[in-house]
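# sequence plus the predicted model coming up.
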Amino acid sequence: MRDLAPVLLDWYDRHARDLPWRVSPAARARGQQPDPYRVWLSEIMLQQTTVAAVRDYFLRFTTLWPTVKALAAADDAQVMSEWAGLGYYARARNLLACARAVAAAGGFPATRAELQKLPGIGPYTSAAISAIAYDQPETVVDGNVERVVARLFAVETPLPAAKPELVALADTLTPTGRPGDFAQAMMDLGATICAPRKPACAICPLVKDCASRAAGIAAELPRRSPKPEKPQRHGIAWVALTDDAVLLERREPKGLLGGTLAFPSSGWDGTDLPAPLEADWHSLDPVEHVFTHFTLRLDVRLTCAGGAATRGVWTPRHEFSPLGLPGLMRKVWTRAERALRD
DNA sequence: AAATCGTGGAA
DNA sequence: TTTCCAAGATT
């Protein structure tokens, strides 16, 4: 096969997406270096998360905390609150731990091996930061690149088993010149041309080299092993609010929604916690929520009584915003608001 | 090494 | 409506 890197880089120079955390190929050619902090922050936020969802969070975080040092000095609660709604909250916990380690060390390490020792930075992110921020010739393989490579080489082995094979093939493409732009070019190609459902092969710069296109199976790749069905779970959330306070609790630092602010709730897997308050609870319509590996039906109970709570903290209403809660708990709040309005 | 861990937009 | 899945990491 011909050397694809020059072809793809040429395409990238003309079609690179304009993203808040990106140094454009033109600016990079002028000598502008990416800020490792911004590269790292964006990569963490983008783990299993769409560009559209990340954009506003990235702008908000970099406004509040322009440097790693600033982020390292932030309150845990404020970071969790700002992360609320993005999902995968272990990322937020690891984000702070990583920021503090980096600030203490005086800056980000530049090698992939050192980067990967930091919390929240795995094989993909270490390669991405090393390539994008430091222009090291690392092979960056995310979901986009898996798809592009599977199609380019017509790899029919289903994911996730195909991963090592795809990494090895991707590695044969990585150039020594402009590896950072090349990595971003592969991801842009996967996101905009070599899309999951309907690849736009007609305008793809690599059509002539694509084995799956030749075989007429591009849209079917990559294949994936069937996923297990999601079991249904159920639980109860209690919303207690008076004229000037609402009862909230900080969830355990590990596990589902770990470290987030929430309405007190029962367990959702058999563990059965009691209501946080003796009161006359009104039952509202249940909330339906889909997590990665199960669906949840959460019954919502509401009271306007105050008093001594066995769990949670009475929080002044003026300090409370549902935007500081994870998505599930925002839905619960919406139920309560609707009930109070009617 | 298989399970766990969110959310929402698009088809 | 259902299904898919997005710049994955951790245990």
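That came through, no problem. Numbering: from 1, shown residues only, chains lettered A, B, ... in the order given.

# buried residues, stretch A:261-279. List them.
When burial is assessed from 16 or more other CB atoms under 10 Å, stretch A:261-279 yields the following buried residues: A:261-266, A:268, A:275-277, A:279. C-beta coordinates here come from the backbone N, C-alpha and C atoms, glycine included.

# mind telling me the two of these farthest from one another?
A:Trp268 and A:Ala279 (21.8 Å; CB to CB).

# and the closest residue to A:Cys204 other than its chain neighbours, how close does it get to A:Pro199?
Spatial nearest neighbour of A:Cys204, excluding adjacent residues (CB to CB, 6 or more residues apart in numbering): A:Ile193 at 4.9 Å. Distance of A:Ile193 to A:Pro199, given as CB to CB, to the nearest Å: 7 Å.

# over to A:Gln116?
Taken as CB to CB, the span from A:Gln116 to A:Pro199 is 32 Å.

# neighbour-wise, which of those two wins?
A:Pro199 (23 against 17; other CB atoms under 10 Å).

# show me the contacts for the residue of chain A found nearest DNA strand C.
Closest residue of chain A to DNA strand C, CB to the nearest atom of the strand: A:Gly122 (2.5 Å). Residues near A:Gly122 by CB atoms under 8 Å, 6 or more residues apart in numbering: A:Gln116.

# so it versus DNA strand B, what's the distance?
In this view, A:Gly122 and DNA strand B are 11 Å apart by CB to the nearest atom of the strand, to the nearest Å.

# read off the pLDDT value for that residue.
On the pLDDT scale, A:Gly122 is placed at 98.

# which residues touch A:Ala101?
Residues in contact with A:Ala101 (CB under 8 Å, 6+ apart) are A:118-119.

# please redo it, this time with the cut-off set to 7 Å
Residues counted as contacts of A:Ala101 (CB atoms under 7 Å, 6 or more residues apart in numbering) are A:Leu118.

# that older thread, out of the buried residues of stretch A:261-279, which sit inside strands?
Judged by DSSP state E, the buried residues of stretch A:261-279 include A:261-262 as members of strands.

# would you list the buried residues of stretch A:261-279 in JSON lines and tack on distance to DNA strand C?
Shown next, in JSON lines, are the buried residues of stretch A:261-279 (distance: CB to the nearest atom of the strand, whole Å):
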{"residue": "A:Leu261", "distance to DNA strand C": "21"}
{"residue": "A:Ala262", "distance to DNA strand C": "20"}
{"residue": "A:Phe263", "distance to DNA strand C": "24"}
{"residue": "A:Pro264", "distance to DNA strand C": "26"}
{"residue": "A:Ser265", "distance to DNA strand C": "22"}
{"residue": "A:Ser266", "distance to DNA strand C": "25"}
{"residue": "A:Trp268", "distance to DNA strand C": "19"}
{"residue": "A:Ala275", "distance to DNA strand C": "30"}
{"residue": "A:Pro276", "distance to DNA strand C": "29"}
{"residue": "A:Leu277", "distance to DNA strand C": "34"}
{"residue": "A:Ala279", "distance to DNA strand C": "33"}
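
# from the buried residues of stretch A:261-279, which has minimum pLDDT?
Scanning the buried residues of stretch A:261-279 for pLDDT, the low point is A:Trp268. It has 89.

# residue boundaries of the helices in the stretch 151-300 of chain A?
Here the stretch 151-300 of chain A has its helices, by DSSP state H, counting those that start in this stretch, at A:163-171, A:179-192, A:211-215.

# looking at those helices, which is nearest to A:Leu8?
Counting by CB to CB, A:Leu8 lies closest to helix A:179-192 out of these; the figure is 4.8 Å.

# quick check: residues of the stretch 1-150 of chain A near DNA strand B?
Contact residues, the stretch 1-150 of chain A versus DNA strand B (CB under 7 Å from any atom of the strand): A:48-50, A:52-53, A:85-90.

# for A:Pro27, grab the count of nearby residues.
Actually, residue A:27 is Ala. It isn't Pro. 12.

# the helix or strand hosting it and DNA strand C in contact?
Under the criterion of DSSP states H and E, A:Ala27 resides in helix A:25-29. No: shown here: helix A:25-29 not in contact with DNA strand C (CB under 7 Å from any atom of the strand), separated by at least 12.5 Å.

# following element in sequence after that helix, please.
Going down the chain from helix A:25-29, the next helix or strand is helix A:36-46, by DSSP H and E.

# between the next helix or strand after that next one and helix A:179-192, how big is the angle?
Going down the chain from helix A:36-46, the next helix or strand is helix A:51-64, by DSSP H and E. Helix A:51-64 runs at 130 degrees relative to helix A:179-192, counting by axes from the mean of the first three to the mean of the last three CA atoms, to 10 degrees.

# sounds good, over and out.
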